[in-house]
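J.: I need the structure of the sequence given here:
(one chain, ligands or ions: 1)
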Amino acid sequence: MNGPTVYEGWWEVPDGLLLASQLAAMDLPRIPGGEVAGIVQAENWHARGRDDQFRLYRLSDSLPSTASATQLEAADAKRTKNRVYRCEECGAFSEQALPRYPLDDQLLKNIEPRYLCRCCRHITRLTGYQAHHGARRAAAARWAATMAAAGAALAVTAAEVRPEGTTPSGKRHPITGIAVLAFDIADGRKVFDATVLRRPAKAGQRTKEQLDPEPGAKRLRAAIEGRSLIGWTLKDLEPLRPILAPNSGRHVALGEEAHARVTDWRSDIDVRTGRPRAATNPGRPDRLALLIRRIATTTPAGSGPRNQEEADR
Ligand SMILES: [Zn+2]
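T.: Residues are numbered from 1 along each chain as shown. Sure, this is the predicted structure:
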């Protein structure tokens, strides 16, 4: 037989699994009637935020407590004091004592806590997260507008070039050059498309797309001309470091990354986790430049399909 399922937080716990204390707090109290069906690891409010494990029981296995209706009625005033069963938002009468929500979520700190049913907690959480991410989306649009201004930034990919396979001693071949592709974000113009070689090519062996190290670095610097470099992630810009900043450490940024901004702008929230889904890499820098131009033209308000029309223009 399998042991109880372990849940990482209250949001993972499915309907129908309750703590013994929650069963006891039902408006018609119940007691666990079966094995422990789950364990949730969560913050213990009684132990100053320390994480703790809580045992969960199946509501369907549970049994009525021994209290009779007469006893419950007699005890009602005392027993249900400080317990709320009616949702303050929708008016539903829950079997279970309702928690005040939200309480300890930093993203929802501006929302006044109320006694809410499970459904209204879910809606409150999601609309609260949408509002939070809406603000981030507006910030992403402002960032994109800065990057899409004339002469401001280039969208870049840089890839290490090395021969396929391995050397006779089983090592990877050394890097022979860096293939760089760069587009002007403002107008989508291609400004660089070549491989800057690590060592000067032997006479007659250099192809049209290859540049010797020194003239290559010079051409690349001229193409950049003080513009910001935008990669999908900062890591994607790292192959440029030997060319553009050979003496700098990794703490010196070569440019900015678009990934987090695009994720903010899309704000495609996963209803289960409440977090936005990570945006997909557009792949080529011309496509990244187009995406940044689209983001730059979106209006801050959540006006739905109108945004896309404006972006497509
Ligand atoms: Zn409700």
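J.: for the closest residue to the ion within the stretch 151-300 of the chain, which non-adjacent residue is closest in space?
T.: Per CB to the ion, Val271 is where the stretch 151-300 of the chain lies closest to the ion, at 16.9 Å. Every residue, glycine included, has its C-beta placed from N, CA and C. In space, and not counting its chain neighbours, Val271 is closest to Leu126: 6.2 Å by CB to CB, 6 or more residues apart in numbering.
J.: burial measure for the one you found, as a count.
T.: Around Leu126 sit 13 other residues, with neighbours defined as other CB atoms under 10 Å.
J.: okay, and it sits in which element?
T.: helix 118-147 (DSSP states H and E).
J.: correct me, but Ala201 touches Asp212?
T.: Yes - with contacts counted by CB atoms under 8 Å, Ala201 reaches Asp212, the gap being 6.3 Å.
J.: returning to that earlier point: for the residue nearest to Val271, give its distance to Trp11.
T.: 12 Å (CB to CB, to the nearest Å).
J.: quickly list what's touching both of these two.
T.: Here Leu126 and Trp11 have Gly274 as joint contacts, going by CB atoms under 8 Å, 6 or more residues apart in numbering.
J.: need the distance between the two termini of stretch 183-202.
T.: 30 Å (CA to CA, to the nearest Å).
J.: mind listing what's buried along stretch 267-282?
T.: Buried positions in stretch 267-282, judged by neighbour count with 16 or more other CB atoms under 10 Å: 267, 269, 274, 276, 279, 282.
J.: could you do stretch 154-174 as well?
T.: 154-158, 161.
J.: also near the ion: which of those, exactly?
T.: Subset of the buried residues of stretch 154-174 in contact with the ion: empty, counting by CB under 5 Å from the ion.
J.: out of those residues, list just those in strands.
T.: 154-158, 161 (DSSP state E).
J.: between those residues, which is nearest Arg287?
T.: Arg287 has its nearest neighbour among those in Ala155, at 8.4 Å by CB to CB.
J.: surely that closest one is in contact with Ile230?
T.: Yes - between Ala155 and Ile230 a contact is recorded at 5.1 Å, counting by CB under 8 Å.
J.: mutual contacts of these two, please.
T.: 185, 258, 288, 292.
J.: for the spatially most central residue of the chain, phi and psi?
T.: Nearest residue to the geometric centre of the chain (CA atoms, centre = their mean): Pro276, 4.5 Å. Backbone torsions for Pro276, taken as degrees, to the nearest 10, come to phi -70, psi 140.
J.: which residues are in contact with it?
T.: Counting by CB under 8 Å, 6+ apart, Pro276 has contacts 133, 263-264, 266-270.
J.: same check, this time on Arg30
T.: Here Arg30 is in contact with 23-24, 59, 62-65 (CB under 8 Å, 6+ apart).
J.: which residues does stretch 283-302 contact?
T.: By CB under 8 Å, 6+ apart, the surrounding residues in contact with stretch 283-302 are 134, 137-138, 140-141, 144-145, 147-148, 153-157, 181-186, 188, 190, 230, 232, 258, 261-262, 265, 282, 306-307, 310-313.
J.: which among these end up buried?
T.: 137-138, 140-141, 144-145, 147-148, 153-157, 181-186, 230, 232, 258, 261-262, 265, 282, 307, 311.
J.: quick revisit: in helices, which of the shared contacts of Ala155 and Ile230 appear?
T.: Taking DSSP state H, the ones among those that sit in helices are 288, 292.
J.: Arg86 pairs with what?
T.: Phe93 (DSSP bridges).
J.: do I have it right that it meets Ala92?
T.: Yes - between Arg86 and Ala92 there is a contact under CB under 8 Å: 7.2 Å.
J.: please point out which parts of stretch 286-294 sit buried.
T.: Residues of stretch 286-294 classed as buried by neighbour count (16+ other CB under 10 Å): 286, 288-294.
J.: need those residues in TSV (columns: distance to Ile31).
T.: As requested, the buried residues of stretch 286-294 are exported to TSV (distance: CB to CB, whole Å):
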residue	distance to Ile31
Asp286	65
Leu288	59
Ala289	64
Leu290	62
Leu291	57
Ile292	59
Arg293	63
Arg294	58
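J.: from the residues you listed, which two are the most distant?
T.: The span of these, defined through CB to CB, is set by Asp286 and Arg294 at 12.9 Å.
J.: tell me how many other residues surround the closest residue to Val161 other than its chain neighbours.
T.: Distance criterion CB to CB, 6+ apart; nearest residue to Val161, sequence neighbours excluded, is Gly177 at 4.6 Å. Applying other CB under 10 Å, we find 24 residues neighbouring Gly177.
J.: can you list the domains in this protein?
T.: Residue ranges for the domains of the chain, per automatic domain parsing: 1-68, 134-164+175-313.
J.: what's the most buried one of those?
T.: Mean neighbour count, computed with mean count of other CB atoms under 10 Å, is highest for domain 134-164+175-313 among the domains of the chain, reaching a mean of 16.
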